[in-house]
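S.K.: Task: produce atomic coordinates for the following.
(2 chains)
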Amino acid sequence: GEKVEQHESTLSVREGDSAVINCTYTDTASSYFPWYKQEAGKSLHFVIDIRSNVDRKQSQRLIVLLDKKAKRFSLHITATQPEDSAIYFCAASMSNNRIFFGDGTQLVVKP
Amino acid sequence: GPKVLQIPSHQIIDMGQMVTLNCDPVSNHLYFYWYKQILGQQMEFLVNFYNGKVMEKSKLFKDQFSVERPDGSYFTLKIQPTALEDSAVYFCASRTGTGASAETLYFGSGTRLTVL
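M.R.: I've put the predicted structure just below:
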């Protein structure tokens, strides 16, 4: 089955800097790549996604990049703010199938 | 936004007892999931459920686990009997399965299960 690896278990940045979280996947059939954010003690909520028919998507301060050849995708958070501090999960799935999560990256944004 | 409700938020039980975790998915969603989160990090897929049936399950979904959603009521995860290693936070999630956001999962706030 699919295996999603999230390369940074923790990431610390200064407020205003950019943060980049990198993930890789194994199954070339995966076509949908969402990102979820989990704040301390809370549930996961969806932040942004990308499908395999594009290689870049932006929503305000969030940019996701997808490199299908390398089976790699990344989340870029620009102009970070303290409220961006959370655990970020990348995920991959084939359409209408289970969604496989990475192990999460704890992002700390220092004021 | 759409909300998935989970009841209870915490449950403490003795090993060997039965426990039922309840989930009220988003009303027009068709696909339902249970995930197990360990140590506040890893999100492990347990099972997904559609049209009254289990579609896929992982090796973590042991024989002691079962799911059902009788007549559009709660989507439940039952563990009988429980074991110490079942202690975790269990998240329910749902998605529509249709339209532009077909694949977006909406998660409940989780049930923290402690097996003593």
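S.K.: which element is the residue in chain B that chain A sits nearest to on?
M.R.: Proximity to chain A, evaluated over chain B using Cβ to the nearest Cβ, is greatest for B:Met43 at 4.0 Å. The C-beta positions use only the backbone N, C-alpha and C, and glycine is treated the same way. If you go by DSSP states H and E, B:Met43 is part of strand B:42-50.
S.K.: chain center to that strand, what's the gap?
M.R.: 7 Å (Cα atoms, centre = their mean, to the nearest Å).
S.K.: swap in stretch B:47-62?
M.R.: A distance of 10 Å separates the centroid of the chain from that of stretch B:47-62, by Cα atoms, centre = their mean.
S.K.: Write down the beta-bridge partners of A:Tyr88, one by one.
M.R.: A:Lys37, A:Thr105 (DSSP bridges).
S.K.: Next: A:Thr10.
M.R.: Beta-bridge partners, per DSSP bridges, of A:Thr10: A:Gln106.
S.K.: Any idea how many residues pack against the closest residue to B:Lys3 other than its chain neighbours?
M.R.: Excluding the flanking residues, the one nearest B:Lys3 by Cβ to Cβ, 6 or more residues apart in numbering or on different chains is B:Val26, at 6.9 Å. Counted by other Cβ atoms under 10 Å in any protein chain shown, the residues lying close to B:Val26 total 18.
S.K.: wait, what's in contact with B:Val26?
M.R.: B:2-4, B:94, B:96, B:106 (Cβ atoms under 8 Å, 6 or more residues apart in numbering or on different chains).
S.K.: if I read this right, the residue of chain B closest to chain A contacts B:Gln37, doesn't it?
M.R.: Yes: at 5.4 Å, B:Met43 counts as touching B:Gln37 under the criterion of Cβ atoms under 8 Å.
S.K.: For these two, indicate the residue with more neighbours.
M.R.: B:Met43 (24 against 20).
S.K.: Can you name the residues that contact the spatially closest residue to that one that is not a sequence neighbour?
M.R.: With Cβ to Cβ, 6+ apart as the criterion, B:Met43 has its nearest non-adjacent residue at 4.0 Å, and that residue is A:Phe101. Contact analysis of A:Phe101 by Cβ under 8 Å, 6+ apart lists A:4, A:36, A:89-91, B:35, B:42-43, B:45.
S.K.: So for the residue located most distally from the centre of chain B, what's the pLDDT?
M.R.: Computed with Cα atoms, centre = their mean, the residue of chain B farthest from its C-alpha average is B:Ala100, at 24.3 Å. At B:Ala100, the model reports a pLDDT of 72.
S.K.: Buried ones in the helix or strand harbouring B:Gln37, by neighbour count?
M.R.: In the assignment (DSSP H and E), B:Gln37 maps to strand B:31-38. Using 16 or more other Cβ atoms under 10 Å in any protein chain shown as the test for burial, strand B:31-38 gives B:31-37.
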